[in-house]
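Give the three-dimensional model of this entry:
(one chain, ligands or ions: 1)
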Amino acid sequence: MTTPQPRAAVRRMKEYHPPLGGRDGLRLDFNENTFSCSPRVLEALAKISSAELTRYPERGPLEALVAQHLNVAPAETLLTNGVDEAIHVLCQAFLDAGDELLLPVPTYSMYEVYASSTEARIVTVQAGADFRFPLDALLAAITPATKVICIANPNSPTGSVVSREAILRILASAPHAIVLIDEAYFHFHGETVLDLIGRHPNLIVARTFSKAYGLAGLRLGALIAAEEQMQWLRRVISPYSVNSLALACLPAALTDSAYLDWYVEEVLAARREFAAALDELALPHWPSAANFILVNIGSQHAAFTAAMKTRNVLVRDRSSDPGCDGCVRITIGTREDTRAGIEALRESLAAINWKRDSEA
Ligand SMILES: *Cc1c(COP(=O)(O)O)cnc(C)c1O
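Numbering: from 1, shown residues only. This next block holds a predicted model:
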């Protein structure tokens, strides 16, 4: 008896299971906002009417609002069910058999997850020393088959950045490829290439409401690209993938800039405190332009992560990411939450009798 079989690419895939599993305690594992979203968003949610739930969601008017906020045209703006859906739609629209997806690694996992459900080949380029952006290696890896290049700026799990000059060189060197600049952590870095939309038809920029805005559960992201590329993405995306609750909350999130500014300032101050604490403990780490820091615990990374969990602090072991052996990624939240994290970190290092690998 034969049973239905999926495409070959799907048979090769593994299920992607983010380590959620309850997640009680101080969540420093997914780079979420550790405090809250804007109270105005909660007010908007409380005012949802029956009609808003009864009818199908209409994305258009909110796309216009986001476009205005980002100073781009509505036709260049696409709201998505988080940046994850944006990546999925991009892969579905552009990646075919014989195409290549080019990725500097380590980077955000979902580029590879969604690309692996297509027939395209995934080509990776390893970051340089101290996770420096591998510009020369990336340029050398561009071929006529390169169809999509995904770059997170700032990058996860490293917190490292890529310069505007480097992005311009990539855009010019791969005019036949989509270059996605994923600015999920934009607010903690402050640099963007959004202004290049319109001048570079192969550029796509992504933004999310999941990190600084504190709305990861709402699933709200945006893609910005030249209309010429956007028309393909609009064909592939579901017309209702951004639901009515997300759309109803969006204006409040966008207009409460005082709340957003407050949270970003908290994180930037906490990031300085956290880096100073790591220096004092002689724990190797890398400079971060995002709301997390990658720390090199070394061979005791698993014991450390478990010891933190015993103290109700969740952190993310990134040891199996390429070039990240022994590394753990720790989210930076408010100063208060970050201080609690530092306290748990000190206790955990003592509890596992932590030593640098060279001294062990
Ligand atoms: C967290 C993250 C995202 C996910 O965004 P969603 O809008 O929650 O899907 C996208 N890109 C990067 C680099 C991230 O770290």
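
rest of the way, CA atoms for contacts and neighbours
Noted.

Apart from its chain neighbours, what residue comes closest to residue 241?
Spatially, and ignoring its direct neighbours in sequence, residue 241 is nearest to residue 81 (5.7 Å; C-alpha to C-alpha, 6 or more residues apart in numbering).

Report the contact partners of the one you found.
Going by C-alpha atoms under 8 Å, 6 or more residues apart in numbering, residue 81 touches 219-221, 241-242.

among those residues, who's most crowded?
residue 220 (26 neighbours; other C-alpha atoms under 10 Å).

list the contacts for that residue?
Counting by C-alpha under 8 Å, 6+ apart, residue 220 touches 79-83, 208-210, 242, 246.

go on, residue 232?
So residue 232 contacts residue 93 (C-alpha under 8 Å, 6+ apart).

Which of the three states applies to it?
Secondary structure, DSSP: H, G, I helix; E, B strand; the rest coil: residue 232 is helix.

Which stretches in this protein count as strands?
For the chain, the strands defined by DSSP state E occupy 26-28, 77-80, 100-105, 121-126, 146-152, 178-182, 203-208, 221-225, 292-296, 313-317, 327-331.

Does anything pack onto the longest one? Which helices or strands?
With contacts taken as 3 or more C-alpha pairs under 8 Å, 6 or more residues apart in numbering; DSSP states H and E, strand 146-152 sits against strand 100-105, strand 178-182.

Could you export the longest helix anywhere in the chain as CSV, CA atoms only?
Using DSSP state H to define each element, the chain has its longest helix at helix 257-280. Written as CSV, here are the backbone C-alpha positions of helix 257-280 (Å, rounded to 0.1, in the frame of the first residue of the first chain):
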residue,chain,number,x,y,z
SER,A,257,7.1,56.4,21.0
ALA,A,258,7.7,57.6,24.6
TYR,A,259,7.2,54.0,25.8
LEU,A,260,9.5,52.6,23.1
ASP,A,261,12.2,55.2,23.8
TRP,A,262,12.0,54.4,27.5
TYR,A,263,12.5,50.7,27.0
VAL,A,264,15.3,51.0,24.5
GLU,A,265,17.2,53.4,26.9
GLU,A,266,16.7,50.8,29.7
VAL,A,267,18.2,48.1,27.5
LEU,A,268,21.1,50.2,26.4
ALA,A,269,21.9,51.1,30.0
ALA,A,270,21.5,47.5,31.1
ARG,A,271,23.7,46.3,28.2
ARG,A,272,26.6,48.5,29.5
GLU,A,273,26.1,47.2,33.1
PHE,A,274,26.0,43.6,31.9
ALA,A,275,29.1,43.9,29.7
ALA,A,276,30.9,45.5,32.7
ALA,A,277,29.9,42.6,35.0
LEU,A,278,31.1,40.1,32.4
ASP,A,279,34.5,41.9,32.2
GLU,A,280,34.7,41.9,36.0
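
Give the rounded mean pLDDT of that helix.
Here helix 257-280 scores 98 as its mean pLDDT.

do the same with stretch 51-65
What stretch 51-65 shows for mean pLDDT is 96.

re earlier: right, so of the helices and strands packed on strand 146-152, which gets closest to residue 89?
Nearest to residue 89, of all the helices and strands packed on strand 146-152, is strand 178-182, at 12.2 Å by C-alpha to C-alpha.

Next, count neighbours for the closest residue to the ligand within the stretch 51-200 of the chain.
Among the residues of the stretch 51-200 of the chain, residue 82 lies nearest to the ligand; the distance is 3.3 Å by C-alpha to the nearest ligand atom. When neighbours are counted by other C-alpha under 10 Å, residue 82 registers 25.

sorry, back to before: could you list which of the contacts of residue 81 also contact the ligand?
Restricting the contacts of residue 81 to those within reach of the ligand (C-alpha under 6 Å from any ligand atom) leaves 220-221.

Where does pLDDT dip in the stretch 51-200 of the chain?
Within the stretch 51-200 of the chain, not a single segment meets pLDDT under 70.

How about the residues of it by the ligand?
Proximity of the stretch 51-200 of the chain to the ligand is confined to 82-84, 108, 152, 156, 182, 184 under the rule C-alpha under 6 Å from any ligand atom.

give me that answer again for 8 Å
Applying C-alpha under 8 Å from any ligand atom, we find that the stretch 51-200 of the chain lies next to the ligand at 81-86, 107-108, 110, 152-157, 182-185.

Okay then, goodbye and thanks.
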